[in-house]
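K.L.:
Sequence and computational prediction follow.
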Amino acid sequence: MLEHQECSGDIDIAWVFSDESSYRLVVIRAGVPELDCCFQSVDDDDRVLELRRRIAAWQGYSGSSLPLVWCLCLPQEQLKKLETLIDPDRGETIFPAEGLCSLKAVTPDDEVEGLQLMERLALQGMREDIYR
């Protein structure tokens, strides 16, 4: 996200992605993750309500009133079902997530060892930091 100027400045980022059998929400303020939670939902309406509930709780706790930018790293069919999540009346926008979250093994051995998606993402981030 550091490569995208839209993610700098006074904004809060709500990053949503699929984590094995559940969904994960990470809220980032000023480059620091402040909320990291997993949840499961049966249908799309429940997913929108659950995300909204968690964001409202975090905003109430943190006192944040900054514009929220949603970064949805989900399959295309799920993105269409979550269109009601973004509330432009609150100044919310969506960040284009293409190419951001292509979680894959760093080496063929990683795939064999069964690394979890977040472990792969951490390794990929470390690798990019080292070779830049």
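P.N.:
All right, it came through fine. Numbers count the residues shown, from 1 in each chain.

K.L.:
Now do the helices in the chain.
P.N.:
Listed in chain order, the helices of the chain (DSSP state H) span residues 44-62, 76-81, 108-113, 117-130.

K.L.:
hey, least reliable of those by pLDDT?
P.N.:
For the helices of the chain, the bottom mean pLDDT is recorded on helix 108-113, which sits at a mean of 56.

K.L.:
how about the nearest residue to residue 81, chain neighbours excluded?
P.N.:
residue 44 (4.0 Å; C-beta to C-beta, 6 or more residues apart in numbering). The way it works is simple: take the backbone N, C-alpha and C, and place the C-beta from them, glycine included.

K.L.:
how much space between the one you found and residue 16?
P.N.:
13 Å (C-beta to C-beta, to the nearest Å).

K.L.:
quick one: which of these two has more around it?
P.N.:
Using other C-beta atoms under 10 Å as the criterion, residue 44 and residue 16 rank with residue 16 on top: 22 against 16.

K.L.:
Verify the contact between the more buried one and residue 24 for me.
P.N.:
Yes: shown here, residue 16 and residue 24 form a contact pair, counting by C-beta atoms under 8 Å, at 7.1 Å.

K.L.:
Can I get stretch 70-86 in PDB? Just the C-alpha atoms.
P.N.:
What follows is stretch 70-86, C-alpha atoms only, in PDB (Å, rounded to 0.1, in the frame of the first residue of the first chain):
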ATOM      1  CA  TRP A  70     -12.300   0.100   1.900                       C
ATOM      2  CA  CYS A  71      -9.700  -2.300   0.400                       C
ATOM      3  CA  LEU A  72     -11.600  -5.400  -0.500                       C
ATOM      4  CA  CYS A  73      -9.300  -8.200  -1.600                       C
ATOM      5  CA  LEU A  74     -12.100 -10.700  -2.400                       C
ATOM      6  CA  PRO A  75     -13.200 -12.600  -5.500                       C
ATOM      7  CA  GLN A  76     -15.100 -10.500  -8.000                       C
ATOM      8  CA  GLU A  77     -18.500 -12.300  -7.300                       C
ATOM      9  CA  GLN A  78     -18.200 -11.300  -3.600                       C
ATOM     10  CA  LEU A  79     -17.300  -7.700  -4.500                       C
ATOM     11  CA  LYS A  80     -20.600  -7.200  -6.300                       C
ATOM     12  CA  LYS A  81     -22.500  -8.600  -3.300                       C
ATOM     13  CA  LEU A  82     -20.800  -6.100  -1.000                       C
ATOM     14  CA  GLU A  83     -21.600  -2.900  -3.000                       C
ATOM     15  CA  THR A  84     -23.900  -1.800  -0.200                       C
ATOM     16  CA  LEU A  85     -21.000  -1.700   2.200                       C
ATOM     17  CA  ILE A  86     -19.500   1.500   0.900                       C
END
